[in-house]
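Chemist: Output the structure for:
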Amino acid sequence: MEELKQLLADADGSASPWEHLTSEFRHRVPARFNIGTAVVHSGDPGFKSRVALTQANPDGTATHWTYWELDRLSSRLANAMREHGIGSGDRIAVSLPQCVELVLAHVAGYKIGAIVVPLFTAFGREAVRHRLANSEAKCLVAADDKHAEDLDDTAVVLRLAVSELQPAGRQRSLPAGSCDFWPFLQAGATACAPAETFSEDPAFLCYTSGTTGPPKGALHAHRVLLGTLPGLSLTHNLSPNAGDLFWTPADWGWMGGLFDALFPAMYWGVPVLAFRNRKFDPEEAFDVIERFGVQNAFIPPTALRLMATVRSPRSRWELPLKTIASGGESLGAETYEWARREIRADINEFYGQTECNLMVASCATLGVSRPGSMGKATPGRRVGLVDAGGRPIAEPGELGELVAAGPDPIMMLRYWDNPRATSEKIRDGVLRTGDLARFDEDGYLYFVGRNDDVISSAGYRIGPADVEDALHSHEKVAVAAAVGAPDPIRGEVVQAFVVLVEGAEPSDELSQELKELVRERVGGHAYPRQVVFLPELPTTSTGKVRRADLRNRT
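Modeler: The predicted structure is shown next:
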């Protein structure tokens, strides 16, 4: 962030600020780097008393944790893990909500050179079993011991509390290392010599959400944090600052929650709010922002659309928000305009994948922000569009697959134990996203959809994002998704699945209104021939719509 500010200060005015950053910025990644020691600022006395984490408690109070406390406690946990045979290269699975124990487990794992495997707390049994087996986890840190039997008998299980009571007379067989988290931690020595990790050493194994097939483990190096920082600082208008408070409703079991919020903020010295919400509630989100004084937030598009169903939020809450970053799927012009109008905070959209995050970003402060666009290639990134044959696309408005060229500190090392998938994803150093986009005359990129989500109708290629954005402009629509339905004449026609706001009722008249709305805003070739009203849309655990499930209903 400071490097970007310095580059802007040195600009001579011959180019726009964004163009200057794009041409002048270079990633500077040291040979040795460790995420764990970096985010708790080990050995830096200036951070000793600074608050790193504010944890919201169920009774409405909050507990504050300083960098010094997190450094000391994570060192004790790291030593305790080493004493139990967990070391460099071993996989440590972490299945916890937003809480201090999750931070300690990650930092301790990085300090000993282990590979941390985040798990979403709402995963079902099979999802967890697949990730534990595929990663061959040697340690599991979880809220209870219900997944212990899916591990090898030699694995260590650290639980926060036993939430499952066994039937009378039945004894569950647990690994010998199963024990409670805090007594385990406190048995470790305070002084810890961190592993001498290189920037290229594996640190983080994050599984994809599985929208296009079985989840794959994207293995990232310690350098991934440094690669994230420039793009993320732009999405918060070259902030946040040390006096701010950062929050995201995104689970810390995913790339977005961890590396688009938690760890970059800690690295910058900005306190992070840990708030456990079992299910996203838009009114509760406004309450949290007001009660704790959140200035900077990462809020995924689906959550923002739900917040947009709350009328006149500023008449009910005092909202200190300065910036909102949003990414994970297309935000759309309607939600963008609502946030600017109703929340009165700059909203900067970005684009990335688990395998290569923050490739594209917006920054209102630098004048790079446009409704419906995810922005431009971030400084240090080489991003472009290619056609089906892999040839570069230079014509504005033409659809193409978004690709990113390496080497890049934010790009994954490889898929875990899956060389075939790795070779398909990264070809000759170029990462293929599988996502279609277009750019306009000014170089702004617009997300269209997954390659297999694009609807082919009577020779037209229709992106679901355009149809969905039009549907979201209707006052009675909360969320919507568009897919292709088979048609004997056109090949496919657009079918819309719509969830209405509270109090709105489905009707033939409303269905016709929505069809005409899309016809007017997008075109006669793209209006939905069918509108299906649902109580909710099927989504992945990261909040992305599972369009494959919707296509199965056509």
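Chemist: Between the two ends of stretch 47-56, how far is it?
Modeler: In stretch 47-56, first residue to last residue: 22 Å (CA to CA, to the nearest Å).
Chemist: Would you indicate which residues of it are buried?
Modeler: 47, 51-56 (16 or more other CB atoms under 10 Å). (Each C-beta comes from the backbone N, C-alpha and C, glycine too.)
Chemist: Those into TSV, with extra columns for distance to Leu537 and secondary structure?
Modeler: Shown next, in TSV, are the buried residues of stretch 47-56 (distance: CB to CB, whole Å; DSSP: H, G, I helix; E, B strand; the rest coil):
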residue	distance to Leu537	secondary structure
Phe47	43	helix
Val51	38	strand
Ala52	36	strand
Leu53	33	strand
Thr54	33	strand
Gln55	31	strand
Ala56	28	strand
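Chemist: okay if I get these as JSON lines plus pLDDT and distance to Arg278?
Modeler: Shown next, in JSON lines, are the buried residues of stretch 47-56 (pLDDT from 0 to 100; distance: CB to CB, whole Å):
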{"residue": "Phe47", "pLDDT": "94", "distance to Arg278": "32"}
{"residue": "Val51", "pLDDT": "97", "distance to Arg278": "26"}
{"residue": "Ala52", "pLDDT": "97", "distance to Arg278": "25"}
{"residue": "Leu53", "pLDDT": "97", "distance to Arg278": "20"}
{"residue": "Thr54", "pLDDT": "97", "distance to Arg278": "20"}
{"residue": "Gln55", "pLDDT": "95", "distance to Arg278": "16"}
{"residue": "Ala56", "pLDDT": "94", "distance to Arg278": "13"}
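Chemist: Can you add distance to Val156 and give those residues back as a markdown table?
Modeler: Shown next, in a markdown table, are these (distance: CB to CB, whole Å):
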| residue | distance to Val156 |
| --- | --- |
| Phe47 | 30 |
| Val51 | 30 |
| Ala52 | 26 |
| Leu53 | 24 |
| Thr54 | 29 |
| Gln55 | 25 |
| Ala56 | 29 |
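Chemist: what two of these are the furthest from one another?
Modeler: Phe47 and Ala56 (22.3 Å; CB to CB).
Chemist: so which of the buried residues of stretch 47-56 comes closest to Gly443?
Modeler: Ala52 (37.7 Å).
Chemist: Quick one: residues contacting the nearest residue to that closest one once chain neighbours are set aside.
Modeler: Using CB to CB, 6 or more residues apart in numbering and skipping the chain neighbours, the partner closest in space to Ala52 is Tyr67 (4.6 Å). Taking CB atoms under 8 Å, 6 or more residues apart in numbering as the contact definition, Tyr67 lies against 40-41, 44, 47-48, 50, 52, 266, 269.
Chemist: for this structure, where's the lowest mean pLDDT among helices and strands?
Modeler: Every helix and strand of the chain was ranked by mean pLDDT, DSSP states H and E. The lowest is strand 460-462, at a mean of 72.
Chemist: if you go through the stretch 201-350 of the chain in chain order, where are the strands?
Modeler: 202-207, 217-221, 246-247, 272-274, 296-298, 323-326, 346-351 (DSSP state E, counting those that start in this stretch).
Chemist: Repeat that for the stretch 451-554 of the chain.
Modeler: 455-457, 460-462, 477-487, 491-500, 530-533.
Chemist: Minimum distance to Phe123: which of these has it?
Modeler: strand 477-487 (22.6 Å).
Chemist: for the spatially most central residue of the chain, what are its contacts?
Modeler: For the chain, the residue nearest the mean C-alpha position is Gly256 (1.9 Å; CA atoms, centre = their mean). Residues near Gly256 by CB under 8 Å, 6+ apart: 248, 250, 298, 300, 327-328, 542.
Chemist: By mean pLDDT, show me the worst of the strands of the stretch 451-554 of the chain.
Modeler: Looking over the strands of the stretch 451-554 of the chain, mean pLDDT reaches its minimum on strand 460-462, with a mean of 72.
Chemist: how deep is Ser75 tucked in, by neighbour count?
Modeler: 27 (other CB atoms under 10 Å).
Chemist: Start the count at 47 instead of 1 going forward.
Modeler: Right, with 47 as the first residue, what we last looked at is Ser121.
Chemist: how close does it get to Arg137?
Modeler: Going from Ser121 to Arg137 by CB to CB, to the nearest Å gives 20 Å.
Chemist: Check Leu275 too.
Modeler: From Leu275 to Arg137 the distance is 26 Å (CB to CB).
Chemist: Figure out how far stretch 136-151 is from the centre of its chain.
Modeler: For stretch 136-151, the distance from its own C-alpha centre to the chain's C-alpha centre is 17 Å (CA atoms, centre = their mean, to the nearest Å).
Chemist: how long is it end to end?
Modeler: Using CA to CA, the two ends of stretch 136-151 sit 13 Å apart.
Chemist: One more: stretch 395-407?
Modeler: End residues of stretch 395-407 are separated by 6 Å (CA to CA).
Chemist: Distance from the chain centre to it, please.
Modeler: 9 Å.
Chemist: Quick check: buried residues in it?
Modeler: 395-407.
Chemist: Most widely separated two among those residues?
Modeler: Taking CB to CB, the two most distant members of the buried residues of stretch 395-407 are Glu395 and Glu401; they sit 19.4 Å apart.
Chemist: Need the nearest residue in space to Cys409, chain neighbours excluded.
Modeler: Using CB to CB, 6+ apart, the nearest residue to Cys409 is Leu280, at 4.0 Å.
Chemist: what residues are up against the one you found?
Modeler: Leu280 makes contact with 50, 394, 407-409, 412, 414, 424-425 under the criterion CB under 8 Å, 6+ apart.
Chemist: The helix ranked longest in the chain: what's the following helix or strand?
Modeler: Under DSSP state H, the helix in the chain containing the largest number of residues is helix 113-129. Note on helix 113-129: by DSSP states H and E, the next helix or strand toward the C-terminus is strand 137-141.
Chemist: any idea which helix or strand carries Val149?
Modeler: helix 146-157.
Chemist: Rounded mean pLDDT for that helix, please.
Modeler: The model assigns helix 146-157 a mean pLDDT of 97.
Chemist: in the chain, which segments are predicted with low confidence?
Modeler: 207-224, 255-259, 504-507, 586-589 (pLDDT under 70).
Chemist: Just to be sure, which of the buried residues of stretch 395-407 are found in strands?
Modeler: 395-397, 406-407 (DSSP state E).
Chemist: and which of these is nearest to Ala451?
Modeler: Of these, the one sitting nearest to Ala451 (CB to CB) turns out to be Val406, at 13.7 Å.
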